[in-house]
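Participant: Below are the sequence and a predicted model; questions follow.
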Amino acid sequence: MSKDTDIMKAQFEPVNTCRHDKRLRAALIKLSFAGLLAVFAIFQVFNIVQFVTNGAQDIAISTQRLKVLRDVETIVASIGDNIPKYLAANNPASLVDAEAVITARFTELSSHGPEDDVMAIDALRNATLGLMTSLQTAIKSRDEMALWDAVDMQRTAFETSLQIAISEQEHIAHGGLSGLVEKSQFTVFALMIVLAATVFLLTTVLVTGFREMKHREEVERDLRAAVQRATESSLAKSQFLATVTHELRTPLNAIIGYSELLGGEKLSRDQRQQVSRLSNAGQTLSKIVDDVLDLSRIEAGAMELRDESFCPRELLQEAIDLVSVHSCAKGLVLTSETGREVPKSLRGDPLRLSQVLLNLLNNAIKFTPDGFVTLRMTSRMNEDGTAQLRFEVQDSGIGISIADQDRLFQRFSQMQNGAQEYHGGSGLGLSISQGLIEQMGGKINVFSRLGEGTIFWFHVNLPIVETDFQAQPEVQIEEMPVSLADHVKSVMLIDDSEDTADVLRRILLREGVQCDAITDVSLALDQIVEHGPDVILCDMQMPKITGHELTRCIRALPKPFCDIPIVAFSANTMKSDIEDMLLAGADGYLAKPFQAHDVIEAVLAVVTNRPAIIENAAQPIVTVAETPGELEDLVDLMGSDWALKFIERLSHRLELFFKDGKDTAKRISVVHSVVAEAGQLGLRDLAWTASALEEALRAGTRSVNEEARFRNEARNFLSRLPVYTSRIRQAQ
């Protein structure tokens with residue numbers, strides 16, 4: 001996806017962090033000012049409340065004082081109206097009582113809060129008390145004229161003082177109300193300005209924030225669209241690579257096939273050399289096509305890694321053996337070193353590890369004109385109990401410059417400095433190796449100096465297998481020359497494919513074992529009870545009832561039929577599929593396509609190891625074909641006429657698939673039959689692509705890639721049909 005990544009980089013500018021920081025600081029400053037203004041507004045509101053409270057208090061005090069003054073005025077007026085009564089009664093005690101009431105009123109007046117400008121009130125108090133004293137004196141003297149003169153004079157002073165006091169309190173009340181209004185107006189005006197500024201700042205921040213959010217959403221939306229386009233582009237590229245490489249393999253297989261046919265003819269020495277070169281060129285081109293396919297799988301995340309036990313020492317030795325001929329031809333010293341701490345058995349993908357090792361070793365030999373090539377293997381324990389397996393490939397070759405090291409693991413890259421005479425290959429090996437190691441969770445790197453040699457190293461973390469790898473049942477079976485007829489007398493085969501059943505029946509009959517083939521699955525249980533075979537071979541993918549369901553039904557039969565060993569066979573080699581078959585009750589597993597010795601070993605494994613499996617069900621027998629069947633073996637087993645008919649039937653099925661492209665049920669039935677038939681012919685690629693397409697069709701998932709690969713393999717087979725026919729006739 002590097003090209004798609006470059007497109008995305010061109011469409012989206014790098015984030016300007018300085019600009020974003022400035023915007024953030026501006027927003028923080030605005031929010032700070034808004035906060036200060038809000039505090040100031042709260043303070044102003046508090047002032048308004050205090051102004052109103054104080055003003056209301058002053059007005060209340062003035063009002064209360066006016067009320068008291070009105071009471072005093074009423075009492076004095078009542079005394080003036082009752083003077084004749086006081087003279088007739090000659091009793092000044094009533095005046096004393098009135099004076100006491102007036103004194104109490106003035107005392108009450110002085111108790112209403114702090115007094116401001118009370119000179120008028122004091123003058124009124126003195127005038128009132130003077131009036132009361134004059135009245136009392138005049139009444140005692142009983143001088144009516146003197147009484148009225150005193151009353152008139154004191155009343156005039158009293159009324160003057162009263163008016164001054166009332167005017168003073170009214171002025172105080174009015175002044176307090178006016179001040180309250182003025183202060184409130186100013187404060188409210190200031191508060192409105194502050195609130196307006198606060199709202200402006202907050203609005204500015206919110207608008208800016210909303211704009212940023214909208215811009216961010218647009219960028220994210222565009223980015224998601226770009227990622228989607230990049231993903232679709234990567235998928236289209238992977239599909240294109242898969243289609244093109246398979247299309248290339250069609251004529252390529254014809255070239256290799258015809259070169260093999262020519263190699264079997266009587267040719268001159270020069271012609272044979274030309275044919276040999278043609279075959280080698282075809283094999284090289286086939287390796288490049290396989291590399292492109294591996295790279296497309298890695299980039300698409302579709303590379304599946306195995307999880308199986310293997311011996312790392314054997315893996316290292318096999319890699320050394322494979323490249324030893326090439327190194328000896330160049331006169332190089334090829335050595336290997338293995339640390340004592342390396343575990344005997346690990347779990348991982350030995351095939352991909354071997355692929356990486358062979359690529360590094362071949363590169364080392366290629367770029368080393370003379371000297372040595374050394375392969376080292378060490379390990380160390382991790383805290384989680386796994387082992388970190390480390391490989392180093394060191395050579396004394398031409399070395400790699402710093403400039404070349406920077407792009408060494410890029411696709412289609414080759415060394416430029418001082419390596420012109422070593423050019424060759426596709427430049428994909430190291431890129432594929434890096435992808436494989438990284439998918440395993442490891443790391444690969446290089447250390448080199450120009451002219452001083454190179455060290456490539458990689459490490460992966462792998463679980464340790466406690467059991468001794470050398471003691472696995474598969475190895476024991478290979479080493480034991482045991483006759484199948486000595487352990488098994490009868491085998492029942494359950495498969496809906498008549499061709500597969502016929503092949504297996506002939507293989508078992510050749511070994512002296514009776515074989516009853518059942519193609520109608522509905523009769524299987526009755527036939528098992530009736531015949532009681534020693535071993536059952538059961539296909540796991542049948543249209544009416546699956547092998548898993550049938551296996552469970554067999555295990556539900558009464559003894560001894562429920563204990564008959566069952567070998568399941570299928571084209572699905574995924575670990576989960578194998579585990580499902582074994583969990584259903586199968587004792588062993590045979591992967592399509594298979595050869596005769598695979599069938600014999602699978603049957604022997606479940607028979608000779610039957611007690612061990614019952615005791616430890618966690619160690620099932622799994623036999624997987626490692627090489628495809630050969631046409632010559634098929635002709636030797638079945639005869640040329642049957643083989644020609646077999647090939648004709650397979651070609652007819654493929655043509656039927658190309659014609660009927662809509663009926664899913666028919667397509668599943670066709671590809672299911674192709675899996676078994678192609679496997680028996682040794683067409684491993686066709687069988688595996690058919691199996692993958694069948695699985696995708698049954699799951700109802702998108703099967704564009706699977707169908708493209710299957711169609712290419714089918715066209716490849718049909719294009720090479722004359723070659724297969726010729727080989728069958730030559731094998732008669």
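Facilitator: Great, that's in hand.
Participant: Any idea which helix or strand in this protein has the lowest mean pLDDT?
Facilitator: For the chain, using mean pLDDT, DSSP states H and E, the weakest element among its helices and strands is helix 610-615, scoring a mean of 36.
Participant: show me what contacts Leu697?
Facilitator: For Leu697, the contact set (CB atoms under 8 Å, 6 or more residues apart in numbering) comprises Thr664, Arg667, Ile668, Val671, Ser703. In this view, the C-beta of every residue, glycine as well, is placed from N, C-alpha and C.
Participant: will you turn those residues into CSV that also has distance to Leu357?
Facilitator: Formatted as CSV, the contacts of Leu697 follow (distance: CB to CB, whole Å):
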residue, distance to Leu357
Thr664, 43
Arg667, 41
Ile668, 40
Val671, 36
Ser703, 35
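Participant: What about these, which are in helices?
Facilitator: Mapping the contacts of Leu697 onto helices (DSSP state H) picks out Thr664, Arg667, Ile668, Val671.
Participant: Filter those residues down to the buried ones, PyMOL style.
Facilitator: Buried subset of the ones in helices among the contacts of Leu697, written as a PyMOL selection, criterion 16 or more other CB atoms under 10 Å:
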select buried, resi 667+668+671
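Participant: Tell me the one among the ones in helices among the contacts of Leu697 nearest to Gly429.
Facilitator: Val671 (33.5 Å; CB to CB).
Participant: Unless I'm misreading it, the closest one sits right up against Glu694, doesn't it?
Facilitator: Yes. With contact defined as CB atoms under 8 Å, Val671 counts as touching Glu694 (4.5 Å).
Participant: so where do the strands sit in the stretch 251-400 of the chain?
Facilitator: 308-310, 333-338, 346-348, 372-381, 387-395 (DSSP state E, counting those that start in this stretch).
Participant: Out of the ones you listed, the one nearest Ser32 is which?
Facilitator: The closest of the strands of the stretch 251-400 of the chain to Ser32 is strand 387-395. By CB to CB, the value is 54.7 Å.
Participant: which secondary structure elements does the helix or strand just after that closest one contact?
Facilitator: Counting by DSSP states H and E, the next helix or strand C-terminal to strand 387-395 is helix 402-406. Of the remaining helices and strands, none touches helix 402-406 by 3 or more CB pairs under 8 Å, 6 or more residues apart in numbering; DSSP states H and E.
Participant: following helix 402-406, which helix or strand comes up?
Facilitator: helix 429-439.
Participant: Give the buried residues for that following helix.
Facilitator: Residues Gly429, Leu430, Ser431, Ile432, Ser433, Gln434, Gly435, Leu436, Ile437, Gln439 are the ones in helix 429-439 that count as buried (16+ other CB under 10 Å).
Participant: For Lys330, state which of those is nearest.
Facilitator: Nearest to Lys330 among these is Gly429, at 18.5 Å by CB to CB.
Participant: how many other residues sit next to the residue lying closest to the closest one once chain neighbours are set aside?
Facilitator: Leaving aside its sequence neighbours, Gly429 sits nearest to Asn359 (CB to CB, 6 or more residues apart in numbering; 4.4 Å). By the criterion of other CB atoms under 10 Å, Asn359 has 20 neighbours.
Participant: Asn359 and Ser433 touch, don't they?
Facilitator: Yes. Using CB under 8 Å as the test, Asn359 is close enough to Ser433 to be in contact (5.3 Å).
Participant: Which stretches in this protein count as strands?
Facilitator: Along the chain, counting by DSSP state E, strands occupy 308-310, 333-338, 346-348, 372-381, 387-395, 443-448, 454-462, 490-494, 514-518, 535-539, 566-570, 588-591, 621-624.
Participant: avg pLDDT for the fourth one?
Facilitator: This means strand 372-381. Regarding strand 372-381, the rounded mean pLDDT is 91.
Participant: With the second one instead?
Facilitator: The predicted model gives strand 333-338 an average pLDDT of 86.
Participant: how many neighbours does Phe658 have?
Facilitator: The burial count for Phe658: 12, using other CB under 10 Å.
Participant: likewise Leu262?
Facilitator: 16.
Participant: Who are the contact partners of the closest residue in space to it that isn't next to it in sequence?
Facilitator: Leaving aside its chain neighbours, Leu262 sits nearest to Val275 (4.8 Å; criterion: CB to CB, 6+ apart). Contact analysis of Val275 by CB under 8 Å, 6+ apart lists Ser259, Leu262, Gly263, Leu267.
Participant: If we use 6 Å, what do you get?
Facilitator: Residues in contact with Val275, defined by CB atoms under 6 Å, 6 or more residues apart in numbering, are Ser259, Leu262, Gly263.
Participant: now those as CSV including pLDDT?
Facilitator: Converted to CSV, the contacts of Val275 look like this (pLDDT from 0 to 100):
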residue, pLDDT
Ser259, 71
Leu262, 73
Gly263, 70
